[in-house]
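Novice: Could you look at this predicted model? Sequence included:
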2 protein chains.
Amino acid sequence: MAEIYRASTTAPVNIAVIKYWGKRDPKLNLPTNSSLSVTLSQSDLRTHTTASCSPSYPASDSLLLNGSPQDVSGARTQACFRELRALRKQLEDADLAVPKLSAMPLKIVSENNFPTAAGLASSAAGFAALVRAIANLYELPASPTALSRIARQGSGSACRSLFGGYVGWEQGSAVDGSDSVAFQVAPANHWPSMRAIILVVSAAKKGVSSTTGMQATVATSSLFASRTSEIVPRRMAEMQKAIQEKDFETFGKVTMMDSNSFHATCLDTYPPIFYLNDVSRAAIKVVEEINASAGKIIAAYTFDAGPNAVIYYLEENEVQVAGLFKAMMGEKEGWKSERGEKVQGNEQAFQAVEKEAGVAVALLREDVSRVILTGVGEGPEKTEESLIDEKGQPTT
Amino acid sequence: MAEIYRASTTAPVNIAVIKYWGKRDPKLNLPTNSSLSVTLSQSDLRTHTTASCSPSYPASDSLLLNGSPQDVSGARTQACFRELRALRKQLEDADLAVPKLSAMPLKIVSENNFPTAAGLASSAAGFAALVRAIANLYELPASPTALSRIARQGSGSACRSLFGGYVGWEQGSAVDGSDSVAFQVAPANHWPSMRAIILVVSAAKKGVSSTTGMQATVATSSLFASRTSEIVPRRMAEMQKAIQEKDFETFGKVTMMDSNSFHATCLDTYPPIFYLNDVSRAAIKVVEEINASAGKIIAAYTFDAGPNAVIYYLEENEVQVAGLFKAMMGEKEGWKSERGEKVQGNEQAFQAVEKEAGVAVALLREDVSRVILTGVGEGPEKTEESLIDEKGQPTT
């Protein structure tokens, strides 16, 4: 029987604090501005991927995600396969003893440890895991930076999931995208106390749907140019300094302002794009109340292309932030996790906020379906746990 | 008995299509950008004001609005009184036969023909009527432009309610505000077929309240500068041309884009300011569907500092626009007006939109409390109907 080659990895989700929105080259996924994110812990949110190849496999590459066959013929996935195979081919050409894996069909199996219904952008973790798993399979000597250049072509923000901790994505200027890569601003252990609570808005309340598309913003928003040319470059510098200095007040303020700026350019798009809804606004209101009662910024909201709120805070303020949400909505799904059980409900702080922002509290209680508790975490990790057995079959 | 001098006027509401947001001089109400509005018909929305003075009146000036005494000691109202008295004083000094009204206490009575609960910015009509009524009382030879300079100091957008039709407000550059005045772009009869339907959002669904203030936008929004320096100047020119040429497609597109741009800078404010809520988004969605099915722009939404949608359209498209809303929510208050009775419900168009945008339709049906049907109209009009009787008492 022909040999089956296999390698497995896990890869994390990342949530940006300086947002990526707009491509200067849609084919290569080259962005109009740099961005910066926090890599989230894989014990809470991760993609687990096994890449495998064999001369005995059916001729065409395949990908199984959460048990469902995926289309791999798209330009994005093909670009990743092509680039990784080319790197493998170099190894094979340099040493004839190296098995010719680049010529074999790929079989990939992937699983997320979080529900798709959570509405979290899973493509970042997905492409990071795909690229890392194939790189492991091919035994490529490529650095995370080199792999980030490849993952970027699958899904822009995937490049940031090749690193743990605090991660930047340099927009670059080269036409071929060679300098548009991720870099680590600081490892997770530099500032390990960063936490996040994600308020997942129930599907029924996602609100009025809107046609989306960052390229519509690039083409029609008249406010967008100043965001990319002036505002984001300034904030990238501020944010990196805040992370180096573990300055949460600046980190939080810039995070909130950049989320607002991103959504403002969406609203300025024609026709306008809306991701924030009344539930999102309610989360903003409650964060503002938390900070007002602390007398400083101890919680910072950010929103991706959807209504779910991601709220960053430091472990030392867990009772004031996560504790308040536990008192507000302790019956929701998500609190029975290891992290959730540890959070002490803060009834007093909750009641104070409810007095100031009763409408917001009522909306959140009604329309948040679950919470996810997480924190800063590590980059992709090799694992021996394979999703493909020694016969080349999916294990589940 | 001492003589009682009286004069009365009505003044219109105006709804901007290029928005005023941001002051370069808060004391004089000098704006950071020019703006442009449509004056709405006074048969639907107007303030009626009688100004009166007499040596027999109590020493201090007074103002009764909808039966409630108002504070007139604020700097805004005082500025209007002072400027108007100074102009009167010039007449008195030039001709000793002219009665010395400028030295007499003022008594003003004012009434709106629309419910305060409608949440329409009534201060524009209010200050325009106040200034126009006192100017009539004082028999000032002042032009609407000269009076607009005074009304602006009461409430910025009031200056535009001194004219009928299509009205601009030139931001000006003089430090004393002398060139920050309103001007008529075109009279109502130049393009008389302009109509508007206002969807008033029920008070209960105004959503999460937010701290407001245009000066916060000026101070903190990093997107704001390009709006005032580049975007609005370009749109002012486009909009004036569209009005001259009766080009509704351009009028509508610029109206929607400028509303979105204004609300985008609100969202980019720190902390963010939200006026649009899920009901507003639903109105936007329905307008987009109306335009999509017409294959061109026949309806244009705009939102002031609140969730109510004002939707402009031309009389020739009444069935496709107002008719659709009548089929959607014909049971709401507002359709029993003279204009409302004439609108033919458009069940077919409504059903098509409901199929495409069912969530939006359900939200509007639930949370719009009333509609107001109106159209372009004339400027302030002198009236003999006095709200103060010959004895100096309010008539109601």
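Specialist: Alright, I've got the coordinates.
Novice: Check the spacing between A:N113 and chain B real quick.
Specialist: 31 Å (Cβ to the nearest Cβ, to the nearest Å). For every residue, glycine as well, the C-beta is placed using N, CA and C.
Novice: Look at A:Q90 and say how many residues are nearby.
Specialist: Counted by other Cβ atoms under 10 Å in any protein chain shown, the residues lying close to A:Q90 total 14.
Novice: Identify each buried residue in the host helix or strand of it, please.
Specialist: Element membership for A:Q90, per DSSP states H and E: helix A:75-94. By neighbour count with 16 or more other Cβ atoms under 10 Å in any protein chain shown, helix A:75-94 contains the buried residues A:76-77, A:79-81, A:83-85, A:87-89, A:91-92.
Novice: Between these, which sits nearest chain B?
Specialist: Taking Cβ to the nearest Cβ as the measure, chain B lies nearest A:R76 of the buried residues of helix A:75-94, at 29.3 Å.
Novice: Tell me if I'm right that the closest one and A:G156 touch.
Specialist: No: with contact defined as Cβ atoms under 8 Å, A:R76 and A:G156 do not form a contacting pair (10.0 Å).
Novice: which neighbours do those two share?
Specialist: A:N29 (Cβ atoms under 8 Å, 6 or more residues apart in numbering or on different chains).
Novice: Backbone torsions only: list them for A:R6.
Specialist: Taking degrees, to the nearest 10, you get phi -140, psi 150 for the backbone angles of A:R6.
Novice: same deal with A:I243?
Specialist: Residue torsions, per degrees, to the nearest 10, at A:I243 are phi -70, psi -50.
Novice: and it, how far is that from B:E92?
Specialist: Computed as Cβ to Cβ, to the nearest Å, the A:I243 to B:E92 distance reads 70 Å.
Novice: hmm, back to that, counting contacts, what elements does the helix holding A:Q90 pack onto?
Specialist: helix A:123-137, helix A:144-154 (3 or more Cβ pairs under 8 Å, 6 or more residues apart in numbering or on different chains; DSSP states H and E).
Novice: how does it look with 6 Å?
Specialist: helix A:144-154 (3 or more Cβ pairs under 6 Å, 6 or more residues apart in numbering or on different chains; DSSP states H and E).
Novice: Can I get the helix it packs on as PDB, trimmed to CA atoms?
Specialist: The C-alpha trace of helix A:144-154 is given here as PDB (Å, rounded to 0.1, in the frame of the first residue of the first chain):
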ATOM      1  CA  PRO A 144       5.700  32.300  10.300                       C
ATOM      2  CA  THR A 145       6.400  35.500   8.400                       C
ATOM      3  CA  ALA A 146       6.900  33.600   5.100                       C
ATOM      4  CA  LEU A 147       3.800  31.600   5.800                       C
ATOM      5  CA  SER A 148       1.800  34.700   6.600                       C
ATOM      6  CA  ARG A 149       2.500  35.900   3.100                       C
ATOM      7  CA  ILE A 150       0.800  32.700   1.800                       C
ATOM      8  CA  ALA A 151      -2.100  32.600   4.300                       C
ATOM      9  CA  ARG A 152      -2.900  36.300   3.400                       C
ATOM     10  CA  GLN A 153      -3.800  35.200  -0.100                       C
ATOM     11  CA  GLY A 154      -6.300  32.800   1.400                       C
END
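Novice: helix or strand for the residue nearest to A:T250 when sequence neighbours are not counted, which one?
Specialist: Spatially, and ignoring its direct neighbours in sequence, A:T250 is nearest to A:A242 (3.9 Å; Cβ to Cβ, 6 or more residues apart in numbering or on different chains). Using DSSP H and E, A:A242 sits in helix A:232-244.
Novice: Same check on A:I284?
Specialist: With DSSP H and E as the criterion, A:I284 is inside helix A:278-294.
Novice: avg pLDDT for that helix?
Specialist: The pLDDT scores in helix A:278-294 average 96.
Novice: ok so, going back, ok now whichever helix or strand comes after the helix holding A:A242, how far from the chain's centre?
Specialist: Where DSSP H and E defines the elements, the next helix or strand beyond helix A:232-244 is helix A:248-267. Here helix A:248-267 is found 17 Å from its chain centre; the criterion is Cα atoms, centre = their mean, to the nearest Å.
Novice: Show me what counts as buried in helix A:248-267.
Specialist: A:248, A:250-267.
Novice: can you list contacts of it?
Specialist: The contact list for helix A:248-267 (Cβ atoms under 6 Å, 6 or more residues apart in numbering or on different chains) reads A:17-19, A:21, A:217, A:221, A:223-224, A:227, A:235, A:238-239, A:242, A:273, A:276, A:296-297, A:300-303, A:314, B:223, B:260, B:263-264, B:267-268, B:270, B:272.
Novice: So A:A300 versus B:G377, what's the distance?
Specialist: Where B:G377 is concerned, A:A300 sits at a distance of 48 Å (Cβ to Cβ).
Novice: what comes into contact with stretch A:347-362?
Specialist: Outside stretch A:347-362, the residues that touch it by Cβ under 6 Å, 6+ apart are A:A282, A:K285, A:V286, A:E289, A:L324, A:A327, A:M328, B:V208.
Novice: let's see it at 10 Å
Specialist: Stretch A:347-362 is contacted by residues A:278-279, A:281-290, A:292-294, A:319-321, A:323-330, A:346, A:363-365, B:204-209 when judged by Cβ atoms under 10 Å, 6 or more residues apart in numbering or on different chains.
Novice: Repeat that for stretch A:332-346.
Specialist: Contacts to stretch A:332-346, defined as Cβ under 10 Å, 6+ apart, come from residues A:41, A:43-44, A:115, A:118, A:195, A:197-200, A:202, A:318-330, A:352-353, A:364-365, A:368-375.
Novice: hmm, which of those residues are the buried ones?
Specialist: The buried subset of these - by 16+ other Cβ under 10 Å - is A:41, A:43-44, A:118, A:195, A:197-200, A:202, A:318, A:320-330, A:352-353, A:364, A:368-375.
Novice: residues contacting the residue nearest to A:T220 when sequence neighbours are not counted?
Specialist: Excluding the flanking residues, the one nearest A:T220 by Cβ to Cβ, 6+ apart is A:Y270, at 4.2 Å. By Cβ under 10 Å, 6+ apart, the residues touching A:Y270 are A:A216, A:T217, A:A219, A:T220, A:S221, A:S222, B:K253, B:M256, B:M257, B:N260, B:S261.
Novice: Let me have these in JSON lines, extended by distance to B:L28 and pLDDT.
Specialist: Rendered in JSON lines, the data for those read as follows (distance: Cβ to Cβ, whole Å; pLDDT from 0 to 100):
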{"residue": "A:A216", "distance to B:L28": "40", "pLDDT": "92"}
{"residue": "A:T217", "distance to B:L28": "36", "pLDDT": "94"}
{"residue": "A:A219", "distance to B:L28": "39", "pLDDT": "94"}
{"residue": "A:T220", "distance to B:L28": "35", "pLDDT": "95"}
{"residue": "A:S221", "distance to B:L28": "32", "pLDDT": "96"}
{"residue": "A:S222", "distance to B:L28": "28", "pLDDT": "96"}
{"residue": "B:K253", "distance to B:L28": "33", "pLDDT": "98"}
{"residue": "B:M256", "distance to B:L28": "31", "pLDDT": "98"}
{"residue": "B:M257", "distance to B:L28": "29", "pLDDT": "98"}
{"residue": "B:N260", "distance to B:L28": "29", "pLDDT": "98"}
{"residue": "B:S261", "distance to B:L28": "25", "pLDDT": "98"}
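Novice: For A:E170, state which of those residues is nearest.
Specialist: Nearest to A:E170 out of these is A:T217 (Cβ to Cβ; 21.0 Å).
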